[in-house]
Structures are given as C-alpha cells and as structure tokens.
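J.: sequence below, structure please.
(2 chains)
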Amino acid sequence: MEIVVLLKQVADTEARVAPTADGLGVSTGDAKKIINPYDEFAVEEALRIKQQLGGSVTILSAGDDKAAEAIRTALAMGADKGVLVNDPAVMASDGLGRAKILAAALKTMAFDLVLAGLRAVDDDSHLVGPAVAELLGIPHVGGVLEVTVENGSVFCLRAADSGQARVKAMLPALLSAQKGLNTPRYASMIGIMQAKKKPLQTLSLADIGISPDSVGPNAAKTITKAFMPLPQRAAGRMIEGGTAQEKAANLAKALKNEAKVI
Amino acid sequence: MSEALYFTKEHQMVRSAVRDFVDRQINPFVDEWEEKGIAPLHELFKKMGDLGFLGIRYDPKYGGMGMDYWAETVFLEEIGRIICGGIPMAIAVQTNMATPAIAEFGSDYLKEKYLAPSIAGNLVAAIAVTEPDAGSDVGAIKTFAKKQGDHYILNGSKTYITNGTQADYLTLLARTSDDPGYHCFSLFVVDTNLPGFFVSKKLDKLGMRSSDTAELYFDNLKIPAQNLIGIEGEGFIHQMQQFQHERFSALPMAYIGAKRMVDQTVEYLKGRVVFGKPLITKQVLRHRIADWLTEIEALKALTYHIVRLKQAGQDATKEISMGKLLAGRLLCQVSDGCLQMHGGLGFMNEMWVSRAYRDSRLIAIGGGANEVMSEVIFRTSGY
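T.: Next comes the predicted model:
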C-alpha cells in the first residue's frame, strides 16, 4: 500500500495574525509554524493504514524552505519519506495553482491512496484535496470520519448534511480528513532521531514538468483583493423581560431572528 | 533568535515534542493533582517513557536516546513550563536524581533490571539520601546496611523522599561501615516490595503539593548484594557525582519558571489600573522587573556554559553549585516580588502566583541548601 499525504505548513492556530499594511497579505509575525491540524489527521490515518497493511507513507508538500520542518515532524511521527516542491511560485499561487503543483508531483510518484486534510486552517478554501483528485482523474471522498481499505477499494464514513454516509471508492483515490477521524500521535524521541536519516527530496517546478506561467500569481483564478481585521467585539446586551419566562422567550427570539444561530 | 546558536533542528524537534506533551497531557491536570497531593506517576511516566522522554541522555542499549546534554537541557527547560513545581520535580527525580548513578556506576544487571524499565516508564524511582538527622550534611547519615552472606541487612529511616509513596525502588545511600571519613558509605538499589520496607507517613508540605513526599523506614530489609551500585565504601563519592546531575536539573527549570512568573506578572500589571494608570507604567516596578530579567539571563548563560563544560567532559562542580545558588535565590526573589505586585490577589490560593511562591521556596533548600552551595563554591575556588 503506497500512501501519499498532502501536507501544508501553517502558522500556529494560536498565533496572532493581522493584515499587512497594504491589506494584500496576512502577517503572522514570528509565529510558530505547525502542520495544518487537518493534515495531521491525514498523517495519522496513513500511519494506521500502513501499520495494518504494510507499504510506505510519503509526505508531499508544496511550500518554502520552512515547510521542510513540517515534513520532518511528520517523518518523526513515522512517515517514511518526504517530498517538498519548493519554488517561489508556490507561495504566490492560489488554491488551484497549488493543486496543479501537487497533482503534477503525484504523477511522478507511485500511489494507491492519497490523504489530505479537509481544509487548511489558514486560507480555509476547502479546495486543494478535491482539485487534486479532479486533476488526476481519481475518486475523491471528502470529510472522512472512518476509513477501511479492503481488496482494492476504500470504505469511508463521511459526514453528510443531516447525517452520515457510507461511501465506497475504487483505489487509487483521494480522501480528505475531517476532525474526529483519529487522534494524531506524538512524535517520539526515537521518531525524531530517525527522522533526520529519512529521505527528504526537494523538487523544483521543472522537475515535475510544470511551466512557471501555469501557476503563480498570473495564472491565479482567484485573487484576494483585501484582508480585513475582525470587527471589534461589540458590547454585550442584557435581555429585557419582567419574568424568567419572558426573558427566556426574548432570548430565544434574539438568537433566532437576530443572531440566526437557532 | 539566539536559540539557534546553541540548539540544532533536532533539539528543536525535541523541544516541540515535549512542549506539546506538557500542554496536552500534564498542564490540564495539574490543578487536580495539586488538590489531591499526588500525581499518578506510573501512568504519567509510562506515557513519557513510550515517547522516549525519560532516557534522553542514556545508552540506547537500555532504551535511552543517546543524545547530548543540550537535548537534556531542552527537556528540562520544557518541563519547566509545567504550571507547578511538583510535577517537574517528580520527573527530574526519575531522570536526574535516582538513575544517573545506576547509569554511571551500576552493573549490567542493575541497568537491565532497573535503568531500562525506568527509561521505559515501567518503574518509578526515588532517591533516598536525607534522614531526620542528616540533610545537607550527608556524612551524618545513620541508616546502616550490614553485609551478611549474599545480602546486606538494612536498618534505619529516610525522610523527605520525593515520589516516596509510589516508588518501585529507591536509589539509597547507607553506611556500610562505622569507620570515620567518607569511604564508609555505599549506594544501593532497594526494591520497595521487599519485606522490611515501610512508608511511615506521607508528609504535608508548604509547596510542591502535587508531588508526594514520604518518610520511610527499613526494618531488617534484605538487599541482595548484587543491588550494590558501584564500589562498596564509595557510595558517598558516587552520590556526590550523582548530585551534580540533580543540582543541574534545577537550573533550566529555575530560569524558565522565573521568566514565566515575570511574563504573567507583566500581563497583570498592564491591566491593573491604580491611581488612574496601569501599574506597568510605574518605573519602580519596571526597573525591578528589569533586574530580574537580567539575573534570569545570567543564570541561563551560566547554564549554557555548564552544558558546554559537560559536553567537553570537564568537571563542572563549581559552576553547577554557583548555578544552584543563583537559582535558589532568584526563584525566592522573583516569586516573592511577583506576589507583591499582585497585592491582595496574589495572596489568594486560587492565584497561580501563590502556588509559584510556595513551590519556589524549595529550590534554595533541596539538593543541597544555598549555604552548602556557598561552601562548595568557596572550597572549589582554589583558596
């Protein structure tokens, strides 16, 4: 079983982020970088499948020099090798551009199963997993909560609108991991020590046969015009009412009609 | 980032692994353990052992990681981020106080039987040196192990023993002859499930409340002769060397702990308005904090110098003693000052600073009191 995990390095979810002065980017300061938490579920699931069925787990990331650290962390968790597509165009690409790069890299590799996170917690576009599957012409199952591989097929439980669905897909397939799929393991000390000896290959766009014009800012299908800070939190409001019942009724009304949360 | 001057990428990965573990598996439970006066060490150490945290410096032959003193320092710095003193102390007993002598002077048998399972987290260790009438004056201990055939018969008592109610074995110093001088003691591994081992009581302490501390006694306890660590009669010398690991472990935890107290206090001062202005605007407080930051940095720099000495295989007894003295004073000073800056709120037990104040007090006493450190420093300074 050859499994490839698509992994993105993101700023720590606890980092304080703010729009840059020109409003066209986001500054994360010197925030710690982590593996996108949804991708961590994908790494964990890949390791579990490998433990059960054998084979190998490859971590594939498109990013900058720093992204190598995220790959090393996944190697310390137990993955076997890493591949980093490192090119300035990567960081300037939109989701579709990144998907093109990852799909092109996957075409140079052997795989039975590709695992990705459902979403990246930084730009939150929910796009890369399905787009890569589309570009490769393989099935995609999104938001998986359970995965079983059997006789050339993968059986998944996924969240659906008002329930859950069981989905079977033929391999090779791409699955994107939803929160709840598993609890990722910690990197052990032995894992950390072994990680530095594991192969981490760096590829350029040329190595995977992508012309620089087909990705990057000029080829982007979506352009972010401006980033805006979150609005300041408004002051709290006391719910009026003479009796407890009246207050509760007014609260329910406000939650339904104004906040639209129930 | 000056960290890159001292630590490799591998060290940084160790740091982030330990930090993650502390954040998720330790800190959320500290309040509960403090309340109970004990932590489930078998369960905690098993988790840490599985991840390889308990044998960073030890021989891979016994399950250790065979890493260097820098990696150990990273580990100690990160357990210094635990939000109390008791748990890091319990862990350091396992890694830096009760096992170094077994690793350095113990037989293969002892390493297989005790060191390896301690590294794996299957056994909980304690160090038993202090007695009711002998603390910093180690030579005054009375507990006696009398050789009899293939056993030593142990009688006496030990007190203030960290992990004492839960330990599976003690690394214990006892007299083995009545001769005067320092060559009449021996260090043993004592199984606590042997007949003749008793916990007389669990002690109630000012601080370090999540760590269990016990008074123990031994009534004709038969220690198998093969449980002697190193050379008979040289236990005092072995223990003095083991003390260097113990005292060193206090240093990273001290500067990390003190820095955390300062950081949290500054956050409080920013929000606390007195006479119309946040307290942080008061120069008298700012300068006091600057003094602490300076001393914290000095202790850290001394610690890194000690790590370099250790890496080069040089004796660091004097420098470690200096670091321990500085650490003990610094923690007392910073915790007292931070509590003062919190005013009445700082006096409330529910406040973190109240716990920090109580826990900090021990560092000037345990592992050799400040006064003993001063004596060692003077004696090793060539006058």
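J.: okay, the residue of the stretch 251-383 of chain B found nearest chain A: pLDDT?
T.: The nearest approach of the stretch 251-383 of chain B to chain A comes at B:E267, 14.1 Å away (C-beta to the nearest C-beta). Where C-beta positions appear, they are placed from N, C-alpha and C, glycine not excepted. For B:E267, the pLDDT comes out at 96.
J.: so it is in which element?
T.: Using DSSP states H and E, B:E267 maps to helix B:235-271.
J.: show me what counts as buried in that helix.
T.: Judged by neighbour count (16 or more other C-beta atoms under 10 Å in any protein chain shown), helix B:235-271 contains these buried residues: B:235-239, B:242-262, B:264-266, B:268-269.
J.: go on, stretch A:83-99?
T.: A:83-87, A:89-90, A:93-99.
J.: same question for stretch A:123-141.
T.: Under 16+ other C-beta under 10 Å, the buried positions of stretch A:123-141 are A:123, A:126-133, A:135-136, A:138-141.
J.: which residues touch it?
T.: A:6, A:8, A:95-96, A:98-100, A:102-103, A:106-107, A:114, A:116-120, A:142, A:154, A:156, A:158, A:167, A:169-170, A:172-176 (C-beta atoms under 8 Å, 6 or more residues apart in numbering or on different chains).
J.: in strands only, show me the residues you listed.
T.: Per DSSP state E, strands hold the following members of these: A:6, A:114, A:116-117, A:142, A:154, A:156, A:158, A:167, A:169-170, A:173-176.
J.: ok, the residues you listed vs chain B, which is closest?
T.: When the ones in strands among the contacts of stretch A:123-141 are ranked by distance to chain B (C-beta to the nearest C-beta), A:G117 comes first, at 18.3 Å.
J.: what's across from that closest one in the sheet?
T.: The bridge-partner assignment for A:G117, based on DSSP bridges, gives A:A177.
J.: can you report phi and psi for the residue of chain A found nearest chain B?
T.: Here the residue of chain A nearest chain B is A:M189; by C-beta to the nearest C-beta that distance is 2.9 Å. Here is the backbone geometry of A:M189 (degrees, to the nearest 10): phi -60, psi -40.
J.: grab the nearest non-local neighbour of it.
T.: Among residues not flanking A:M189 along the chain, B:G52 sits closest, at 2.9 Å (C-beta to C-beta, 6 or more residues apart in numbering or on different chains).
J.: and the strands in the stretch 51-200 of chain B?
T.: B:125-128, B:144-148, B:151-162, B:169-175, B:185-191, B:197-202 (DSSP state E, counting those that start in this stretch).
J.: next: the stretch 201-350 of chain B.
T.: Listed in chain order, the strands of the stretch 201-350 of chain B (DSSP E, counting those that start in this stretch) span B:213-224, B:228-229, B:273-274, B:277-278.
J.: and the strands of the stretch 51-200 of chain B, which is most packed in?
T.: Greatest average neighbour count among those goes to strand B:125-128 (a mean of 29), per mean count of other C-beta atoms under 10 Å in any protein chain shown.
J.: partner strands of that one, with direction?
T.: Strand B:125-128 pairs in its sheet with strand B:169-175 (parallel), by DSSP bridges.
J.: which residues touch the partner strand?
T.: Against strand B:169-175 from outside (C-beta under 8 Å, 6+ apart): B:97-99, B:101-102, B:114, B:123, B:125-129, B:138, B:141-145, B:152, B:154, B:156, B:158, B:161, B:184-192, B:216, B:229, B:235-236, B:239, B:242.
J.: again, but for stretch B:32-41
T.: B:29, B:84, B:86-87, B:90, B:124, B:163, B:165-166, B:202, B:204, B:209-212, B:355.
J.: residue contacts, residue 176?
T.: Chain wasn't specified; assuming chain A. A:S176 makes contacts with A:38, A:42, A:115-118, A:129-130, A:140-144, as judged by C-beta under 8 Å, 6+ apart.
J.: meant chain B, my bad for not saying
T.: B:144-147, B:152, B:184-186, B:232-233, B:235.
J.: closest to A:D65 among those?
T.: Taking C-beta to C-beta as the measure, A:D65 lies nearest B:G235 of these, at 52.8 Å.
J.: so how far is chain A from that closest one?
T.: As judged by C-beta to the nearest C-beta, to the nearest Å, B:G235 and chain A stand 31 Å apart.
J.: ok, of the contacts of stretch A:123-141, which come out buried?
T.: A:6, A:8, A:95-96, A:98-100, A:102-103, A:106, A:114, A:116-120, A:142, A:154, A:156, A:158, A:167, A:169, A:172-176.
J.: right, and B:V22 touches B:C84 too?
T.: No. Using C-beta atoms under 8 Å, B:V22 is not in contact with B:C84, being 11.4 Å away.
J.: residues of stretch B:365-382 that come out buried?
T.: Buried residues in stretch B:365-382 (16+ other C-beta under 10 Å): B:366-370, B:372-373, B:376-377.
J.: those residues: which ones sit near chain A?
T.: By C-beta under 8 Å from any C-beta of the partner chain, no member of these lies near chain A.
J.: what's the farthest-apart pair in the buried residues of stretch A:83-99?
T.: Most distant of the buried residues of stretch A:83-99, by C-beta to C-beta, are A:V83 and A:D94, 21.5 Å apart.
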